[in-house]
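*Asks:* the sequence isn't on hand, but the structure is:
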Ligand SMILES: *Cc1c(COP(=O)(O)O)cnc(C)c1O
């Protein structure tokens, strides 16, 4: 039985996989089962920060694998503590809770926000306001947070206490906050699954001001955009705001599962013994990978992200069949005249892997994709759009 048939027979059918089996790779090149190579502009959905089988990353992970692969959270380990310190020092946040995914990072953010509000204002202050078109994960609580009804049908009842406001509509958000006993506002600075749209500066700053004035917690979901992809360490840093809680995951470890919830001044001491936990959270191998990844996300690397971003935007803007290019840094959405699926299929045929988001072509290349490979891939994409 070939692998595609086996997978279709035995793996739950929740994914609409491309007709492509990836067997290996190096950097921004991946190879399928026939030996055909592709330039990868998807990075496993923004996870492989430095591409596939990056040697520096591999060595960091292998070194920790040779020491101890898991201890449980009943004991101290060096990678977990060192990574938490790095994250706090680079963001000004005070404490970190580690989990294994973006959804879990958001769950922790929501729990911390609800407990803070319960203690500070009263147990009825439970509402979390999120934005329409957002995406916050697939658990029943993060689905409730996700402002896209298509994900909700068939799974009711979801966790109560979530309402949605229109993105870039401060009046609507204020109305939602006023109409409910609100604990927090949660938002993605660039809505990823929702179509790769960056929020407007005025809106984000208005939300931050409102939250501060009313002691409502501001949670930034940086699961996809965070860890250098925006061209700064975290996307909110482009907006001059200080969130109370930041959740992140995808690119944090560069390819192994790791979620992190960064807790600021207000919530640093909210979660105490037995309030939250995760068996795998803060796994030493994942944390060692993340220390290596994070320590390479320095100013020259971030400048490289911004340069690559500019190259992509300038190359695609105004080309035949390209309606718009949106997003931030190396998280970009291309609105095409052709259906995105047709563009994606033609790119794959020509040896370039791109993704989709809400009817757009989505680009999430490795942060260090070599310029020549990027130019080669863009030439293919330009042709496919025309
Ligand atoms: C992918 C994503 C999530 C969910 O992360 P998982 O690791 O799949 O649970 C949450 N929020 C945003 C913004 C994401 O892009």
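*Replies:* Done, it's in. Computed from a predicted structure; not experimentally measured.
*Asks:* only C-alpha atoms from now on, for both contacts and neighbour counts.
*Replies:* Fine.
*Asks:* got the residues of the stretch 201-350 of the chain near the ligand?
*Replies:* 221-224 (CA under 6 Å from any ligand atom).
*Asks:* state the mean pLDDT of stretch 274-291.
*Replies:* Stretch 274-291 carries an average pLDDT of 98.
*Asks:* tell me which residues of it come out buried.
*Replies:* Of all the residues in stretch 274-291, those buried under the rule 16 or more other CA atoms under 10 Å are 280-291.
*Asks:* now swap in stretch 374-386 and tell me
*Replies:* Here stretch 374-386 shows 374, 377-378, 380-382, 384-385 as buried, counting by 16+ other CA under 10 Å.
*Asks:* same question, stretch 55-74
*Replies:* 57-58, 60-61, 64, 70.
*Asks:* which one among these gets closest to residue 335?
*Replies:* residue 57 (33.8 Å; CA to CA).
*Asks:* contacts for the helix or strand in which the closest one is found, please.
*Replies:* For residue 57, the host element (DSSP states H and E) is helix 55-65. Defining contact as CA atoms under 8 Å, 6 or more residues apart in numbering, one finds that helix 55-65 is touched by 254, 284-286, 288-289, 292-293.
*Asks:* about what we covered before: need the residues of the stretch 201-350 of the chain next to the ligand in a markdown table (columns: secondary structure and neighbour count).
*Replies:* Shown next, in a markdown table, are these (DSSP: H, G, I helix; E, B strand; the rest coil; neighbours: other CA atoms under 10 Å):
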| residue | secondary structure | neighbour count |
| --- | --- | --- |
| 221 | strand | 32 |
| 222 | coil | 31 |
| 223 | coil | 30 |
| 224 | coil | 28 |
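*Asks:* quick one: contacts of stretch 265-272?
*Replies:* Residues contacting stretch 265-272 (CA under 8 Å, 6+ apart): 93-95, 112-113, 115-116, 244-245.
*Asks:* determine which two of the residues you listed are furthest apart.
*Replies:* 93 and 115 (18.2 Å).
*Asks:* which of the two has more neighbours?
*Replies:* Remark: of residue 93 and residue 115, residue 93 carries more neighbours, 24 against 20, as counted by other CA atoms under 10 Å.
*Asks:* list the contacts for the more buried one?
*Replies:* Neighbours of residue 93 in contact, by CA under 8 Å, 6+ apart: 87, 262-265.
*Asks:* quick one: buried ones out of those residues?
*Replies:* Burial by neighbour count, 16+ other CA under 10 Å: within the contacts of residue 93 this picks out 87, 262-264.
*Asks:* between these, which is closest to the ligand?
*Replies:* residue 262 (14.4 Å; CA to the nearest ligand atom).
*Asks:* what strand or helix carries that closest one?
*Replies:* strand 259-263.
*Asks:* quick check: residue 69 vs the ligand, distance?
*Replies:* 21 Å (CA to the nearest ligand atom, to the nearest Å).
*Asks:* got the phi and psi for that residue?
*Replies:* Note on residue 69: its backbone torsions stand at phi -90, psi -20 [degrees, to the nearest 10].
*Asks:* which residue is the nearest non-sequential neighbour of it?
*Replies:* residue 285 (5.9 Å; CA to CA, 6 or more residues apart in numbering).
*Asks:* and what of residue 139?
*Replies:* residue 103 (6.6 Å).
*Asks:* chain center to the strand or helix carrying that neighbour: distance?
*Replies:* Using DSSP H and E, the element containing residue 103 is helix 102-120. How far helix 102-120 lies from its chain's middle: 18 Å, per CA atoms, centre = their mean, to the nearest Å.
*Asks:* show me the helices in the protein, by range?
*Replies:* 3-10, 43-46, 55-65, 78-91, 102-120, 140-145, 170-179, 201-214, 284-296, 299-316, 340-349, 371-385 (DSSP state H).
*Asks:* can stretch 144-164 be said to contact the ligand?
*Replies:* No: in terms of CA under 6 Å from any ligand atom, no part of stretch 144-164 sits within range of the ligand; the closest distance is 8.7 Å.
*Asks:* what lies in contact with that stretch?
*Replies:* With CA under 8 Å, 6+ apart as the criterion, stretch 144-164 contacts 126-137, 140-141, 143, 173, 176.
*Asks:* next, the buried residues of that stretch.
*Replies:* 144-148, 152, 158, 161-164.
*Asks:* ok, so of the contacts of residue 93, who is nearest residue 314?
*Replies:* residue 87 (32.9 Å).
*Asks:* relative to residue 97, how far out is the closest one?
*Replies:* Counting by CA to CA, to the nearest Å, the gap from residue 87 to residue 97 is 11 Å.
*Asks:* which residues are common contacts for the two?
*Replies:* In contact with both residue 87 and residue 97: residue 262, using CA under 8 Å, 6+ apart.
*Asks:* go through the buried residues of stretch 144-164 and name the one nearest the ligand.
*Replies:* For the buried residues of stretch 144-164, the nearest to the ligand is residue 146 (8.7 Å; CA to the nearest ligand atom).
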